[in-house]
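Novice: I'll drop the sequence and a predicted model, then ask my questions.
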2 protein chains.
Amino acid sequence: MLSPDELEHRLRTVGEQRYHIHHPFHKLMNAGELTKAQMQAWALNRYCYQAIIPKKDAIILSKADDPAFRREWRKRIIDHDGEDDAPGGMAKWIHLATSLGLDADVVASKKLALPATRFAVNAYVELVRDEPLMIGIASSLTELFSPVAIGERVPAMLKRYDYITEDTLAYFKPRLHQAPRDADFALSLVKTWATTEERQDAAVQALLTKCDILWAQLDALYHAYVSPGHIPPGAFQPATEG
Amino acid sequence: MLSPDELEHRLRTVGEQRYHIHHPFHKLMNAGELTKAQMQAWALNRYCYQAIIPKKDAIILSKADDPAFRREWRKRIIDHDGEDDAPGGMAKWIHLATSLGLDADVVASKKLALPATRFAVNAYVELVRDEPLMIGIASSLTELFSPVAIGERVPAMLKRYDYITEDTLAYFKPRLHQAPRDADFALSLVKTWATTEERQDAAVQALLTKCDILWAQLDALYHAYVSPGHIPPGAFQPATEG
């Protein structure tokens, strides 16, 4: 059995080793080596992931008994779906995609996404739906690592792709304070709950599975659009290369 | 609206265009161009698919009201799980894997399978579980095309890989009569049921999704073990090349 701080260390180690920031596709992106077509494929596919986040958070709400927990967790849904006139993360992701030259309706339809993207993304919904509440919460802990990824990605993209502006990347800026707020809350819950070896292993396993879900999405993008460039039948075919 | 025979033609066209027999990984396999390590990766991952087949068939049984239907459909479970002393397809697949040099317990544990394999395979269970009975039945129609695939694969494998014998491939032989028996039964049910345009579209879509599920498994194998050969963290690492 680990102490709460040892558990936190173990969870953070999973991120250091398995978070998709280390994936070759993200390394190419940050190095400025992706074509616009590859960037489009990324934005179009990642929309499928964005689209299920508020749904999986609603599943988590639906499993929780504590109004105070639900008040905190519902912020995630508000952040993604927007409030009053303020657009949420979903709308900002569509904006990112259209800024890259994609059609908003095509992106939102998800029709041209890679099947592997859909399967990976649905695995996340399924995990949150079928596993106990705290496992769903633990699987959200990849957000512990996302500010570092965003901190690398945004300046790299602005510097290395002349068609990308701060406006294109408006999605990411609020994530820099939302993600740590959300991750800290989730981490403290997991540390309080995981007081047995079995629970600690289950929390770590949930985070590993979530890392696999993110990694598999980039594997599929790499296979289809980088090397060997085998686009599965029915998936997004980039227009002539930009 | 299509006539029943036109619907059958449309379903068969899906197979001609999208069945995984056309995937580059299978083409390499049939051409004798896979290494033993790549063949191991295939056998180990495909076990995950084999393993969910009787489970998805049990879901189909659980949704059916008609004892006559269930008597027919349960044959699939018997074929996979075996009866009395006769091993079923699952045991034969393990035999195939161990004949290729893999450890039976490792294969059965599924621990070293690609995450993308698990996600694709679970998408099949999810489809059968969450969609109506007839859609689950329609998704099984890839078996219409499997005898052709087996008819190509078995002689090619025997001829082109000196470590593969008829005994290695014992899984496939009974499939040559089981698959047509099962597929003909499912096809006649789908043709009888799909008497509206909406049902016909749904049946075709189920078959397309199933083809995507099979295709995505080979995409993941190709990416990890053929080109560029990026094995995701935690997945099967072949021993020295045979």
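Specialist: Good, I have the coordinates. Because the structure is a prediction, the values reported are computed rather than measured.

Novice: what mean pLDDT would you report for stretch A:179-188?
Specialist: Here the mean pLDDT over stretch A:179-188 is 97, rounded to a whole number.

Novice: Output it as PDB, nothing but the C-alphas.
Specialist: Output for stretch A:179-188, consisting of C-alpha atoms alone and laid out as PDB, is shown next (Å, rounded to 0.1, in the frame of the first residue of the first chain):
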ATOM      1  CA  ALA A 179      -7.300  21.700 -16.500                       C
ATOM      2  CA  PRO A 180      -5.200  22.200 -13.300                       C
ATOM      3  CA  ARG A 181      -8.300  23.300 -11.400                       C
ATOM      4  CA  ASP A 182     -10.200  20.100 -12.500                       C
ATOM      5  CA  ALA A 183      -7.200  17.800 -12.100                       C
ATOM      6  CA  ASP A 184      -6.300  19.000  -8.600                       C
ATOM      7  CA  PHE A 185      -9.900  18.400  -7.500                       C
ATOM      8  CA  ALA A 186      -9.900  14.900  -9.000                       C
ATOM      9  CA  LEU A 187      -6.500  14.000  -7.700                       C
ATOM     10  CA  SER A 188      -7.400  14.900  -4.100                       C
END
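
Novice: what comes up buried for that stretch?
Specialist: The neighbour-count check on stretch A:179-188 (16 or more other CB atoms under 10 Å in any protein chain shown) flags A:179, A:182-183, A:185-187 as buried. All C-beta atoms are positioned from the backbone trio N, CA, C, and that covers glycine.

Novice: Of those residues, which is the nearest to chain B?
Specialist: Using CB to the nearest CB, the shortest approach to chain B within the buried residues of stretch A:179-188 belongs to A:Ala183, at 21.2 Å.

Novice: Could I get the phi/psi values of that closest one?
Specialist: Dihedral angles phi and psi of A:Ala183 (degrees, to the nearest 10) take the values phi -70, psi -40.

Novice: Also A:Ala113?
Specialist: The phi and psi values for A:Ala113, taken as degrees, to the nearest 10, are phi -70, psi 160.

Novice: which residues does it contact?
Specialist: With contact taken as CB atoms under 8 Å, 6 or more residues apart in numbering or on different chains, A:Ala113 is in contact with A:44-45, A:47-48, A:235-236.

Novice: so who does A:Pro238 touch?
Specialist: Each residue near A:Pro238 by CB under 8 Å, 6+ apart is listed here: A:35, A:37-38, A:40-41, A:225.

Novice: How about A:Arg10?
Specialist: A:2, A:200, A:204.

Novice: Around A:Asp103, how many other residues sit close by?
Specialist: For A:Asp103, the number of neighbouring residues by other CB atoms under 10 Å in any protein chain shown comes to 12.

Novice: What of A:Glu198?
Specialist: Neighbour count for A:Glu198, taken as other CB under 10 Å: 10.

Novice: Please, which helix or strand holds it?
Specialist: Counting by DSSP states H and E, the secondary-structure element that holds A:Glu198 is helix A:197-221.

Novice: got the buried residues for that helix?
Specialist: With burial defined by 16+ other CB under 10 Å, the residues of helix A:197-221 counted as buried are A:199-200, A:202-204, A:206-221.

Novice: hang on, the earlier thing: now, among the contacts of A:Arg10, which is nearest to chain B?
Specialist: Of all the contacts of A:Arg10, A:Val204 has the smallest distance to chain B: 12.5 Å, by CB to the nearest CB.

Novice: Tell me the residues of chain A that contact chain B?
Specialist: Applying CB under 8 Å from any CB of the partner chain, one finds that chain A approaches chain B through A:17-18, A:24, A:114-116, A:118-120, A:122-123, A:126, A:208-209, A:211-213, A:215-216, A:219-220, A:222-224, A:226-228, A:230, A:232-234.

Novice: Take the residues you listed and, keeping just the buried ones, write it as a ChimeraX select command.
Specialist: Selection of the buried residues among the residues of chain A next to chain B in ChimeraX, burial being defined by 16+ other CB under 10 Å:
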select /A:18,114,115,116,118,119,120,122,123,126,208,209,211,212,213,215,216,219,220,222,223,224,226,230,232,234
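
Novice: would you say A:Ala170 is within a strand?
Specialist: No. Secondary structure of A:Ala170 (DSSP: H, G, I helix; E, B strand; the rest coil): coil, not part of a strand.

Novice: Not including adjacent chain positions, what is the nearest residue to it?
Specialist: Closest residue in space to A:Ala170, ignoring its immediate chain neighbours: A:Lys92 at 5.1 Å, by CB to CB, 6 or more residues apart in numbering or on different chains.

Novice: which secondary structure element contains that neighbour?
Specialist: Counting by DSSP H and E, the element that carries A:Lys92 is helix A:89-99.

Novice: State the mean pLDDT of that helix.
Specialist: For helix A:89-99, the mean per-residue pLDDT is 98.

Novice: List the buried residues of the helix or strand just after it.
Specialist: Sequence-wise, the next helix or strand downstream of helix A:89-99 (DSSP H and E) is helix A:104-109. The neighbour-count criterion (16+ other CB under 10 Å) identifies A:106-107 as the buried residues of helix A:104-109.
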